[in-house]
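In: mind looking at a prediction? Sequence and model below.
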Amino acid sequence: MNHNIILGHGSRNPEANKVLRSISDMFESETKESASYAYLQFEEPDLETVIDKIYSSNISTITVIPLFLYPGIHIKKDVPEKIIKIKEKYPNLTIRLADPIGADSTLIAILKERADNATEELKS
């Protein structure tokens with residue numbers, strides 16, 4: 001059985017962190033797959049806490065889906081290091097790391113919609 005974790009960066013701004021929770025809920029609703037969310041930093045729950053909870057539910061495979069646009073240092077180094085550390089704790093658990101969003105043409109419609117609905121120029 002697989003469980004998905006949508007991994008966001010995390011922010012010191014509570015309003016920003018609500019977005020990840022909403023995306024996780026939408027993912028679960030639209031895909032009909034189980035999903036949780038975790039933050040890399042600044043907010044809880046973190047990845048290890050979420051995996052600890054999922055592991056106690058007898059899940060055998062976890063897919064970590066980073067809500068990151070490109071493969072920066074967090075995706076290339078920080079997240080894999082965290083996963084390796086967690087794997088030491090749960091050697092019989094399969095943890096897969098999905099690619100970041102990247103340059104995906106499906107983003108163009110979102111960008112176009114945002115451009116079309118841009119608000120008035122900000123003034124200082």
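Out: Nice, thanks for sending it over. Numbering: from 1, shown residues only.
In: point out the other helices and strands that the strand or helix carrying residue 38 packs with.
Out: Assignment of secondary structure by DSSP states H and E places residue 38 within strand 35-39. The helices and strands touching strand 35-39, judged by 3 or more CB pairs under 8 Å, 6 or more residues apart in numbering; DSSP states H and E, are strand 2-8, helix 14-31, helix 47-55. All C-beta spots, glycine's among them, are computed from the backbone N, C-alpha and C.
In: can you lay out the ones you listed as a markdown table showing mean pLDDT, distance to residue 106 and mean neighbour count?
Out: A markdown table is the format used below for these (pLDDT from 0 to 100; distance: least, CB to CB, whole Å; neighbours: other CB atoms under 10 Å):
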| stretch | mean pLDDT | distance to residue 106 | mean neighbour count |
| --- | --- | --- | --- |
| strand 2-8 | 97 | 17 | 21 |
| helix 14-31 | 96 | 14 | 13 |
| helix 47-55 | 96 | 26 | 18 |
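In: got the contact list for the strand holding residue 38?
Out: 3-10, 17, 20-21, 23-25, 27-28, 45-47, 49-51, 53-54 (CB atoms under 8 Å, 6 or more residues apart in numbering).
In: buried residues, that strand. List them.
Out: In terms of neighbour count (16 or more other CB atoms under 10 Å), strand 35-39 has its buried residues at 35, 36, 37, 38, 39.
In: for the third one, list each beta-bridge partner.
Out: Yep, that's residue 37 we're talking about. Beta bridges link residue 37 to residue 6, judged by DSSP bridges.
In: same question for residue 46.
Out: For residue 46, the beta-bridge partners under DSSP bridges are residue 39.
In: isn't it right next to residue 53, touching?
Out: No: with contact defined as CB atoms under 8 Å, residue 46 does not reach residue 53; the gap is 11.2 Å.
In: pretty sure residue 71 is in a strand, no?
Out: No: secondary structure of residue 71 (DSSP: H, G, I helix; E, B strand; the rest coil): coil, not part of a strand.
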